[in-house]
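Colleague: Below are the sequence and a predicted model; questions follow.
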Amino acid sequence: MPWINRLRDHIELTSPEGTTFRAAWQGNDISVEKRIGRYAYPGVDGETSQDMGLNSFSYPLEFFFTDADHDKTADKFMRTLSESGPWKVIHPQYGLKKLQPISATLASEPIEMANATKISSEWFEPIDDSPSIENPAAEVSAAVRDVNRSSIDEFASVPVADKVKFTDRVKKVVSKIRKVINTVNNAINTVQNIIVAIGNGSRGLVRSLAGAIITLLELPGLFKGSINNQIAAYKKLGEDLQRDFSAAMGATGKDSALPSSSSTASMANTIALNKLMLSTISAGMATTIIAAPVSSPAETTADDDTPADSDTPATSGASTSSSGSLETRAQAMALLRDFNAFLDSSEKALDNAVKKTSGLPIDQQASARTDTREPMLRLRKAMARYLMDITYNLKVEKRITLDRPRSPIEIACTEYKTTAGNFDYYYHLFLRTNNLSGREILLLPAGREVVIYA
(Lines give C-alpha, C1' and ligand atoms only; values in the text may rest on other atoms or scores of the structure.)
Protein backbone atom coordinates (compact mmCIF):
# COMPACT_ATOMS: atom_id res chain seq x y z
CA MET A 1 0.00 0.00 0.00
CA PRO A 2 1.51 3.43 -0.94
CA TRP A 3 2.63 5.62 1.96
CA ILE A 4 0.01 8.27 1.17
CA ASN A 5 -2.76 5.72 1.89
CA ARG A 6 -1.17 4.65 5.16
CA LEU A 7 -0.69 8.20 6.45
CA ARG A 8 -3.11 9.30 9.19
CA ASP A 9 -4.10 12.90 9.85
CA HIS A 10 -3.54 12.68 13.63
CA ILE A 11 -1.49 10.97 16.31
CA GLU A 12 -3.17 8.88 19.00
CA LEU A 13 -1.56 8.30 22.41
CA THR A 14 -2.98 5.89 25.02
CA SER A 15 -1.64 5.90 28.56
CA PRO A 16 -0.85 2.72 30.54
CA GLU A 17 -4.21 3.03 32.32
CA GLY A 18 -6.17 3.55 29.10
CA THR A 19 -6.62 7.33 28.73
CA THR A 20 -6.49 8.23 25.03
CA PHE A 21 -5.43 11.55 23.49
CA ARG A 22 -5.76 12.57 19.83
CA ALA A 23 -3.67 15.42 18.50
CA ALA A 24 -2.50 17.06 15.26
CA TRP A 25 0.99 16.13 14.09
CA GLN A 26 3.22 17.53 11.35
CA GLY A 27 6.36 15.41 11.47
CA ASN A 28 9.35 14.45 13.58
CA ASP A 29 12.79 12.87 13.41
CA ILE A 30 13.51 9.31 14.53
CA SER A 31 17.04 8.54 15.68
CA VAL A 32 19.03 5.56 16.90
CA GLU A 33 22.58 5.18 18.18
CA LYS A 34 24.97 2.24 18.07
CA ARG A 35 26.66 1.05 21.26
CA ILE A 36 30.33 0.97 20.33
CA GLY A 37 33.25 0.22 22.60
CA ARG A 38 36.47 2.03 21.54
CA TYR A 39 39.84 0.78 22.73
CA ALA A 40 43.31 2.36 22.36
CA TYR A 41 46.62 0.61 23.02
CA PRO A 42 49.92 2.22 24.02
CA GLY A 43 52.27 2.62 21.09
CA VAL A 44 49.57 1.70 18.56
CA ASP A 45 48.09 4.35 16.31
CA GLY A 46 44.32 4.29 16.00
CA GLU A 47 41.68 2.39 17.95
CA THR A 48 39.83 -0.89 17.86
CA SER A 49 36.07 -1.21 18.26
CA GLN A 50 33.52 -3.58 19.70
CA ASP A 51 30.00 -3.43 18.28
CA MET A 52 27.60 -4.03 21.17
CA GLY A 53 24.36 -3.51 19.24
CA LEU A 54 21.77 -0.77 19.06
CA ASN A 55 20.27 1.48 21.69
CA SER A 56 16.51 1.99 21.56
CA PHE A 57 15.00 4.15 18.83
CA SER A 58 14.30 7.70 19.99
CA TYR A 59 11.06 9.49 19.06
CA PRO A 60 11.01 13.26 19.73
CA LEU A 61 7.28 13.87 19.16
CA GLU A 62 5.84 17.34 18.68
CA PHE A 63 2.05 17.55 18.47
CA PHE A 64 -0.79 20.01 18.95
CA PHE A 65 -4.10 19.79 20.78
CA THR A 66 -6.63 21.78 18.73
CA ASP A 67 -9.98 21.01 20.35
CA ALA A 68 -12.17 23.67 21.94
CA ASP A 69 -10.60 22.99 25.35
CA HIS A 70 -7.10 22.39 24.05
CA ASP A 71 -5.50 24.05 27.07
CA LYS A 72 -7.30 21.72 29.48
CA THR A 73 -6.59 18.70 27.28
CA ALA A 74 -2.89 19.53 27.23
CA ASP A 75 -2.87 19.94 31.02
CA LYS A 76 -4.61 16.59 31.42
CA PHE A 77 -2.01 14.99 29.14
CA MET A 78 0.85 16.38 31.23
CA ARG A 79 -0.71 15.06 34.44
CA THR A 80 -1.39 11.65 32.86
CA LEU A 81 2.37 11.24 32.36
CA SER A 82 2.48 10.31 36.04
CA GLU A 83 1.14 6.86 35.11
CA SER A 84 3.85 4.20 35.19
CA GLY A 85 4.86 2.24 32.10
CA PRO A 86 5.02 2.58 28.30
CA TRP A 87 2.23 4.12 26.22
CA LYS A 88 0.53 2.80 23.09
CA VAL A 89 1.12 5.34 20.35
CA ILE A 90 -0.50 5.10 16.90
CA HIS A 91 2.06 7.00 14.88
CA PRO A 92 0.59 8.78 11.83
CA GLN A 93 3.18 7.23 9.51
CA TYR A 94 4.52 4.10 11.23
CA GLY A 95 1.45 2.70 12.96
CA LEU A 96 1.21 1.17 16.41
CA LYS A 97 4.26 1.67 18.65
CA LYS A 98 4.94 1.00 22.31
CA LEU A 99 6.83 4.06 23.54
CA GLN A 100 8.15 5.11 26.93
CA PRO A 101 7.84 8.85 27.65
CA ILE A 102 10.97 10.57 28.96
CA SER A 103 10.01 14.24 29.08
CA ALA A 104 7.37 16.67 27.83
CA THR A 105 7.12 20.46 27.55
CA LEU A 106 3.79 22.29 27.28
CA ALA A 107 4.03 25.53 25.28
CA SER A 108 1.36 27.85 26.73
CA GLU A 109 1.18 30.68 24.18
CA PRO A 110 -2.39 32.09 24.17
CA ILE A 111 -1.38 35.17 22.16
CA GLU A 112 0.82 33.64 19.47
CA MET A 113 -1.05 30.32 19.30
CA ALA A 114 -4.58 30.91 20.56
CA ASN A 115 -6.25 27.95 18.85
CA ALA A 116 -3.82 25.21 19.83
CA THR A 117 -1.48 24.05 22.58
CA LYS A 118 1.84 22.54 21.55
CA ILE A 119 3.47 19.61 23.34
CA SER A 120 7.16 18.86 22.72
CA SER A 121 8.10 15.45 24.07
CA GLU A 122 10.83 12.83 24.08
CA TRP A 123 10.12 9.10 23.90
CA PHE A 124 12.03 5.88 23.30
CA GLU A 125 10.97 2.43 22.15
CA PRO A 126 11.64 -0.12 24.91
CA ILE A 127 12.45 -3.75 24.28
CA ASP A 128 9.30 -5.78 23.68
CA ASP A 129 9.20 -8.38 26.46
CA SER A 130 6.17 -10.18 25.01
CA PRO A 131 6.75 -13.16 22.71
CA SER A 132 6.61 -12.25 19.04
CA ILE A 133 3.90 -13.77 16.85
CA GLU A 134 5.30 -14.53 13.42
CA ASN A 135 2.02 -15.90 12.07
CA PRO A 136 -1.14 -14.44 13.67
CA ALA A 137 -3.37 -16.76 11.60
CA ALA A 138 -1.53 -19.78 13.04
CA GLU A 139 -2.14 -18.37 16.52
CA VAL A 140 -5.89 -18.25 15.79
CA SER A 141 -5.81 -21.84 14.48
CA ALA A 142 -3.98 -23.00 17.62
CA ALA A 143 -6.54 -21.20 19.81
CA VAL A 144 -9.39 -22.85 17.86
CA ARG A 145 -7.85 -26.28 18.45
CA ASP A 146 -7.58 -25.55 22.17
CA VAL A 147 -11.21 -24.40 22.30
CA ASN A 148 -12.32 -27.55 20.49
CA ARG A 149 -10.38 -29.90 22.77
CA SER A 150 -11.56 -28.21 25.95
CA SER A 151 -15.16 -28.05 24.65
CA ILE A 152 -15.19 -31.81 24.11
CA ASP A 153 -13.76 -32.42 27.61
CA GLU A 154 -16.24 -30.05 29.22
CA PHE A 155 -19.23 -31.54 27.38
CA ALA A 156 -18.23 -35.15 28.09
CA SER A 157 -17.67 -34.45 31.80
CA VAL A 158 -21.43 -34.06 32.37
CA PRO A 159 -23.20 -37.48 32.55
CA VAL A 160 -26.36 -37.87 30.49
CA ALA A 161 -29.21 -37.81 33.02
CA ASP A 162 -32.18 -38.49 30.76
CA LYS A 163 -31.49 -40.02 27.35
CA VAL A 164 -34.88 -39.02 25.94
CA LYS A 165 -34.63 -35.36 26.96
CA PHE A 166 -30.98 -35.19 25.99
CA THR A 167 -31.39 -36.66 22.50
CA ASP A 168 -34.54 -34.58 21.91
CA ARG A 169 -32.64 -31.41 22.74
CA VAL A 170 -29.71 -32.34 20.46
CA LYS A 171 -32.11 -33.22 17.63
CA LYS A 172 -33.68 -29.75 17.85
CA VAL A 173 -30.25 -28.14 17.68
CA VAL A 174 -29.24 -30.24 14.66
CA SER A 175 -32.56 -29.51 12.95
CA LYS A 176 -31.90 -25.78 13.32
CA ILE A 177 -28.39 -26.19 11.88
CA ARG A 178 -29.70 -28.28 8.98
CA LYS A 179 -32.11 -25.50 7.96
CA VAL A 180 -29.44 -22.83 7.55
CA ILE A 181 -26.32 -24.55 6.22
CA ASN A 182 -25.33 -24.54 2.58
CA THR A 183 -25.52 -28.30 1.91
CA VAL A 184 -26.53 -31.46 3.72
CA ASN A 185 -23.42 -33.63 3.89
CA ASN A 186 -21.85 -36.61 5.60
CA ALA A 187 -20.92 -34.52 8.66
CA ILE A 188 -24.54 -33.88 9.63
CA ASN A 189 -25.45 -37.50 8.91
CA THR A 190 -22.69 -38.57 11.33
CA VAL A 191 -24.15 -36.37 14.06
CA GLN A 192 -27.63 -37.81 13.50
CA ASN A 193 -26.34 -41.41 13.59
CA ILE A 194 -24.61 -40.79 16.94
CA ILE A 195 -27.81 -39.26 18.36
CA VAL A 196 -29.74 -42.38 17.36
CA ALA A 197 -27.08 -44.63 18.92
CA ILE A 198 -27.20 -42.70 22.22
CA GLY A 199 -30.99 -42.93 22.22
CA ASN A 200 -30.75 -46.70 21.73
CA GLY A 201 -28.60 -47.02 24.84
CA SER A 202 -25.08 -47.01 23.43
CA ARG A 203 -22.55 -45.70 25.96
CA GLY A 204 -19.35 -43.73 25.56
CA LEU A 205 -20.56 -41.73 22.56
CA VAL A 206 -20.89 -38.30 24.18
CA ARG A 207 -17.31 -37.35 23.25
CA SER A 208 -17.92 -38.60 19.71
CA LEU A 209 -21.08 -36.49 19.50
CA ALA A 210 -19.18 -33.36 20.57
CA GLY A 211 -16.44 -34.05 18.02
CA ALA A 212 -18.97 -34.60 15.23
CA ILE A 213 -20.79 -31.32 16.01
CA ILE A 214 -17.47 -29.44 15.99
CA THR A 215 -16.51 -31.00 12.64
CA LEU A 216 -19.89 -30.02 11.19
CA LEU A 217 -19.86 -26.37 12.29
CA GLU A 218 -16.28 -25.74 11.21
CA LEU A 219 -16.54 -27.18 7.70
CA PRO A 220 -15.24 -24.84 4.95
CA GLY A 221 -18.08 -23.33 2.92
CA LEU A 222 -20.73 -24.22 5.49
CA PHE A 223 -22.51 -20.96 4.64
CA LYS A 224 -22.74 -19.22 1.26
CA GLY A 225 -21.83 -15.70 0.19
CA SER A 226 -19.36 -13.06 1.27
CA ILE A 227 -17.28 -13.23 4.42
CA ASN A 228 -19.78 -10.80 5.98
CA ASN A 229 -22.69 -13.07 5.02
CA GLN A 230 -20.95 -16.15 6.43
CA ILE A 231 -20.19 -14.49 9.78
CA ALA A 232 -23.74 -13.08 9.91
CA ALA A 233 -25.08 -16.61 9.36
CA TYR A 234 -22.96 -18.00 12.20
CA LYS A 235 -24.05 -15.12 14.41
CA LYS A 236 -27.76 -15.62 13.61
CA LEU A 237 -27.51 -19.35 14.29
CA GLY A 238 -25.86 -18.62 17.63
CA GLU A 239 -28.46 -16.02 18.57
CA ASP A 240 -31.29 -18.42 17.66
CA LEU A 241 -29.73 -21.09 19.86
CA GLN A 242 -29.32 -18.58 22.69
CA ARG A 243 -33.04 -17.77 22.53
CA ASP A 244 -33.92 -21.46 22.59
CA PHE A 245 -31.47 -21.92 25.45
CA SER A 246 -33.08 -19.13 27.49
CA ALA A 247 -36.54 -20.57 26.86
CA ALA A 248 -35.39 -24.05 27.91
CA MET A 249 -33.85 -22.72 31.13
CA GLY A 250 -36.88 -20.58 32.02
CA ALA A 251 -36.81 -17.40 34.11
CA THR A 252 -33.61 -16.62 35.97
CA GLY A 253 -34.64 -13.77 38.23
CA LYS A 254 -34.09 -13.68 41.99
CA ASP A 255 -37.68 -14.77 42.68
CA SER A 256 -37.53 -17.76 40.33
CA ALA A 257 -38.20 -21.11 41.87
CA LEU A 258 -35.14 -23.33 42.19
CA PRO A 259 -35.12 -26.46 40.03
CA SER A 260 -36.01 -29.70 41.73
CA SER A 261 -33.27 -32.23 42.34
CA SER A 262 -34.75 -34.45 39.63
CA SER A 263 -34.42 -31.73 37.00
CA THR A 264 -30.99 -30.46 38.05
CA ALA A 265 -29.10 -33.13 36.11
CA SER A 266 -31.11 -32.49 32.94
CA MET A 267 -30.48 -28.78 33.35
CA ALA A 268 -26.74 -29.50 33.58
CA ASN A 269 -26.96 -31.38 30.26
CA THR A 270 -28.75 -28.43 28.66
CA ILE A 271 -26.11 -25.99 29.89
CA ALA A 272 -23.31 -28.31 28.70
CA LEU A 273 -24.85 -28.64 25.24
CA ASN A 274 -25.22 -24.90 24.83
CA LYS A 275 -21.68 -24.24 26.07
CA LEU A 276 -20.52 -26.64 23.36
CA MET A 277 -22.64 -24.99 20.67
CA LEU A 278 -21.67 -21.40 21.50
CA SER A 279 -17.95 -22.27 21.78
CA THR A 280 -18.05 -24.17 18.50
CA ILE A 281 -19.86 -21.38 16.66
CA SER A 282 -17.23 -18.92 17.95
CA ALA A 283 -14.46 -21.22 16.71
CA GLY A 284 -16.26 -21.61 13.36
CA MET A 285 -16.46 -17.83 12.96
CA ALA A 286 -12.73 -17.51 13.69
CA THR A 287 -11.84 -20.28 11.23
CA THR A 288 -13.95 -18.65 8.52
CA ILE A 289 -12.36 -15.23 9.04
CA ILE A 290 -8.75 -16.43 8.80
CA ALA A 291 -9.63 -18.52 5.73
CA ALA A 292 -10.88 -15.44 3.84
CA PRO A 293 -8.38 -14.12 1.26
CA VAL A 294 -6.94 -10.71 2.07
CA SER A 295 -7.32 -8.39 -0.93
CA SER A 296 -4.93 -5.43 -0.90
CA PRO A 297 -5.22 -2.57 -3.44
CA ALA A 298 -1.95 -3.58 -5.11
CA GLU A 299 -3.33 -7.04 -5.87
CA THR A 300 -6.52 -5.80 -7.56
CA THR A 301 -6.90 -6.89 -11.19
CA ALA A 302 -9.70 -7.39 -13.65
CA ASP A 303 -10.10 -10.93 -12.26
CA ASP A 304 -11.34 -9.42 -8.98
CA ASP A 305 -14.45 -7.97 -10.65
CA THR A 306 -17.52 -8.13 -8.42
CA PRO A 307 -20.95 -7.44 -10.00
CA ALA A 308 -22.94 -4.53 -8.67
CA ASP A 309 -25.97 -6.72 -8.10
CA SER A 310 -24.09 -8.90 -5.62
CA ASP A 311 -26.25 -10.84 -3.20
CA THR A 312 -24.55 -8.94 -0.38
CA PRO A 313 -25.67 -5.34 0.01
CA ALA A 314 -22.96 -3.19 1.55
CA THR A 315 -23.47 -1.61 4.94
CA SER A 316 -22.32 1.88 5.76
CA GLY A 317 -18.64 1.96 6.61
CA ALA A 318 -17.80 -1.61 5.60
CA SER A 319 -17.15 -2.86 2.11
CA THR A 320 -18.23 -6.37 1.22
CA SER A 321 -17.16 -8.79 -1.46
CA SER A 322 -19.21 -11.63 -2.90
CA SER A 323 -15.96 -13.55 -3.42
CA GLY A 324 -15.56 -13.83 0.36
CA SER A 325 -12.37 -11.79 0.54
CA LEU A 326 -11.43 -9.15 3.11
CA GLU A 327 -11.03 -5.84 1.28
CA THR A 328 -11.17 -2.87 3.64
CA ARG A 329 -10.07 -1.82 7.10
CA ALA A 330 -13.64 -0.94 8.01
CA GLN A 331 -14.73 -4.45 7.02
CA ALA A 332 -12.04 -6.05 9.21
CA MET A 333 -12.98 -3.90 12.20
CA ALA A 334 -16.69 -4.66 11.67
CA LEU A 335 -15.89 -8.39 11.74
CA LEU A 336 -13.93 -7.95 14.97
CA ARG A 337 -16.84 -6.06 16.56
CA ASP A 338 -19.31 -8.77 15.48
CA PHE A 339 -17.01 -11.54 16.77
CA ASN A 340 -16.52 -9.89 20.16
CA ALA A 341 -20.21 -9.00 20.46
CA PHE A 342 -21.17 -12.64 19.87
CA LEU A 343 -18.70 -13.85 22.50
CA ASP A 344 -20.03 -11.27 24.96
CA SER A 345 -23.65 -12.25 24.39
CA SER A 346 -22.75 -15.95 24.70
CA GLU A 347 -21.09 -15.40 28.07
CA LYS A 348 -24.10 -13.39 29.26
CA ALA A 349 -26.50 -16.16 28.23
CA LEU A 350 -24.45 -18.77 30.08
CA ASP A 351 -24.13 -16.57 33.18
CA ASN A 352 -27.89 -16.03 33.27
CA ALA A 353 -28.46 -19.79 33.01
CA VAL A 354 -26.18 -20.78 35.85
CA LYS A 355 -27.97 -18.31 38.16
CA LYS A 356 -30.79 -20.87 38.19
CA THR A 357 -28.52 -23.20 40.16
CA SER A 358 -26.97 -20.64 42.51
CA GLY A 359 -29.20 -21.66 45.44
CA LEU A 360 -28.44 -25.38 45.16
CA PRO A 361 -25.82 -27.25 47.18
CA ILE A 362 -22.34 -26.41 45.92
CA ASP A 363 -21.81 -29.81 44.28
CA GLN A 364 -24.97 -29.33 42.18
CA GLN A 365 -24.29 -25.79 40.98
CA ALA A 366 -23.35 -25.25 37.35
CA SER A 367 -20.58 -22.96 36.14
CA ALA A 368 -20.61 -20.87 32.98
CA ARG A 369 -17.22 -22.14 31.88
CA THR A 370 -14.58 -24.42 33.34
CA ASP A 371 -12.24 -26.06 30.82
CA THR A 372 -13.07 -23.57 28.04
CA ARG A 373 -12.59 -20.29 29.92
CA GLU A 374 -8.88 -19.80 29.20
CA PRO A 375 -9.01 -21.12 25.61
CA MET A 376 -11.88 -18.75 24.80
CA LEU A 377 -9.91 -15.80 26.18
CA ARG A 378 -6.91 -16.82 24.03
CA LEU A 379 -9.16 -17.11 20.98
CA ARG A 380 -10.55 -13.61 21.54
CA LYS A 381 -7.03 -12.18 21.88
CA ALA A 382 -5.69 -14.09 18.86
CA MET A 383 -8.60 -12.97 16.68
CA ALA A 384 -8.03 -9.32 17.60
CA ARG A 385 -4.29 -9.64 16.89
CA TYR A 386 -4.94 -11.25 13.49
CA LEU A 387 -7.44 -8.65 12.28
CA MET A 388 -5.31 -5.76 13.55
CA ASP A 389 -2.27 -7.26 11.84
CA ILE A 390 -3.89 -7.50 8.40
CA THR A 391 -5.56 -4.09 8.71
CA TYR A 392 -2.51 -2.25 7.38
CA ASN A 393 -2.67 -4.28 4.14
CA LEU A 394 -6.32 -3.43 3.49
CA LYS A 395 -7.90 -0.47 1.76
CA VAL A 396 -8.39 2.68 3.79
CA GLU A 397 -11.68 4.56 3.83
CA LYS A 398 -11.95 8.14 2.57
CA ARG A 399 -15.20 10.16 2.57
CA ILE A 400 -15.86 12.87 0.02
CA THR A 401 -18.70 15.40 -0.13
CA LEU A 402 -19.44 16.17 -3.77
CA ASP A 403 -19.09 19.86 -4.67
CA ARG A 404 -20.99 19.37 -7.93
CA PRO A 405 -23.17 16.72 -9.60
CA ARG A 406 -20.93 13.81 -10.64
CA SER A 407 -21.53 10.43 -12.25
CA PRO A 408 -20.32 7.25 -10.50
CA ILE A 409 -18.34 6.32 -13.62
CA GLU A 410 -16.41 9.61 -13.49
CA ILE A 411 -15.86 9.31 -9.72
CA ALA A 412 -14.54 5.75 -10.05
CA CYS A 413 -12.16 6.74 -12.85
CA THR A 414 -10.90 9.86 -11.07
CA GLU A 415 -10.68 8.74 -7.46
CA TYR A 416 -9.42 5.19 -8.08
CA LYS A 417 -7.23 6.17 -11.07
CA THR A 418 -8.49 3.14 -12.92
CA THR A 419 -6.98 1.41 -15.92
CA ALA A 420 -8.62 -0.66 -18.63
CA GLY A 421 -7.77 -3.80 -16.66
CA ASN A 422 -9.33 -2.86 -13.32
CA PHE A 423 -12.10 -0.35 -14.15
CA ASP A 424 -14.94 -2.85 -13.75
CA TYR A 425 -13.69 -3.91 -10.31
CA TYR A 426 -13.40 -0.36 -8.95
CA TYR A 427 -16.64 0.81 -10.58
CA HIS A 428 -18.63 -2.01 -9.00
CA LEU A 429 -16.75 -1.52 -5.71
CA PHE A 430 -17.87 2.12 -5.70
CA LEU A 431 -21.51 1.19 -6.44
CA ARG A 432 -21.53 -1.54 -3.80
CA THR A 433 -19.87 0.36 -0.97
CA ASN A 434 -22.15 3.36 -1.49
CA ASN A 435 -25.39 1.35 -1.85
CA LEU A 436 -26.16 2.92 -5.24
CA SER A 437 -29.11 1.74 -7.29
CA GLY A 438 -31.65 3.02 -9.77
CA ARG A 439 -31.07 6.55 -11.07
CA GLU A 440 -28.20 7.08 -8.61
CA ILE A 441 -26.03 4.92 -10.85
CA LEU A 442 -26.29 7.63 -13.51
CA LEU A 443 -25.73 10.82 -11.50
CA LEU A 444 -25.19 11.87 -7.90
CA PRO A 445 -26.19 15.34 -6.68
CA ALA A 446 -23.92 17.97 -5.16
CA GLY A 447 -23.67 17.62 -1.38
CA ARG A 448 -23.87 13.81 -1.45
CA GLU A 449 -21.23 12.10 0.71
CA VAL A 450 -19.54 9.10 -0.89
CA VAL A 451 -17.00 6.58 0.35
CA ILE A 452 -13.78 5.72 -1.47
CA TYR A 453 -11.50 2.80 -0.57
CA ALA A 454 -7.90 2.91 -1.73
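Modeller: Structure received. Numbers count the residues shown, from 1 in each chain.

Colleague: how about the helices in the stretch 201-350 of the chain?
Modeller: 206-217, 227-249, 261-291, 329-354 (DSSP state H, counting those that start in this stretch).

Colleague: For K34, which of the ones you listed is the nearest?
Modeller: Relative to K34, the nearest member of the helices of the stretch 201-350 of the chain by Cβ to Cβ is helix 329-354, separated by 36.5 Å. In this view, the C-beta of every residue, glycine as well, is placed from N, C-alpha and C.

Colleague: any idea which helix or strand comes after that closest one?
Modeller: helix 373-391 (DSSP states H and E).

Colleague: could you give the angle of that next one to helix 261-291?
Modeller: 20 degrees (axes from the mean of the first three to the mean of the last three Cα atoms, to 10 degrees).

Colleague: by contact count, what packs against helix 373-391?
Modeller: helix 136-156, helix 261-291, helix 329-354 (3 or more Cβ pairs under 8 Å, 6 or more residues apart in numbering; DSSP states H and E).

Colleague: who touches it?
Modeller: Identification of contacts with helix 373-391 by Cβ atoms under 8 Å, 6 or more residues apart in numbering yields 96, 133, 136-137, 139-140, 142-144, 146-147, 149-150, 279, 282-283, 286, 289-290, 294, 326, 329, 332-333, 335-336, 339-340, 343, 369.

Colleague: Quick check: phi and psi at E218.
Modeller: Note on E218: backbone dihedrals following degrees, to the nearest 10 are phi -110, psi 20.

Colleague: Look at it and report its pLDDT.
Modeller: Listed pLDDT for E218 reads 83.

Colleague: show me the contacts for it.
Modeller: E218 neighbours (Cβ under 8 Å, 6+ apart): V144, N148, T280, A283, G284, T287.

Colleague: at 7 Å what do you get?
Modeller: A283, G284, T287 (Cβ atoms under 7 Å, 6 or more residues apart in numbering).

Colleague: residues near the second one, how many?
Modeller: Counted with other Cβ atoms under 10 Å, the neighbours of G284 add up to 24.

Colleague: cool, and I452?
Modeller: Quick note: I452 (other Cβ under 10 Å) scores 20 neighbours.

Colleague: thinking again about what came up before, pick the most buried one from the helices and strands packed on helix 373-391.
Modeller: helix 261-291 (a mean of 21; mean count of other Cβ atoms under 10 Å).

Colleague: helices and strands around it, which ones?
Modeller: Helix 261-291 is packed against helix 136-156, helix 163-180, helix 206-217, helix 227-249, helix 329-354, helix 373-391, with contacts defined by 3 or more Cβ pairs under 7 Å, 6 or more residues apart in numbering; DSSP states H and E.

Colleague: Those helices: which one's closest to N269?
Modeller: Short answer: helix 163-180, nearest of the helices and strands packed on helix 261-291 by Cβ to Cβ, at 5.2 Å.

Colleague: And the closest one, what does it pack against?
Modeller: helix 186-199, helix 227-249, helix 261-291.

Colleague: Buried ones in that helix, by neighbour count?
Modeller: K165, F166, T167, R169, V170, V173, V174, I177 (16 or more other Cβ atoms under 10 Å).

Colleague: and that helix, how far from the chain's centre?
Modeller: Here helix 163-180 is found 30 Å from its chain centre; the criterion is Cα atoms, centre = their mean, to the nearest Å.

Colleague: Ok, stretch 76-93 next?
Modeller: The answer for stretch 76-93 is 24 Å, by Cα atoms, centre = their mean.

Colleague: shaky segments in the chain?
Modeller: Within the chain, the stretches with pLDDT under 70 are 1-6, 128-133, 182-185, 202-203, 250-265, 296-324, 358, 360-370.

Colleague: Break it into its domains for me.
Modeller: Following automatic domain parsing, one gets these domains for the chain: 3-124, 136-391, 397-453.

Colleague: Buried deepest among those, which one?
Modeller: Highest mean neighbour count among the domains of the chain (mean count of other Cβ under 10 Å): domain 136-391, with a mean of 18.

Colleague: what's the span of that one from first residue to last?
Modeller: One end of domain 136-391 to the other measures 12 Å (Cα to Cα, to the nearest Å).
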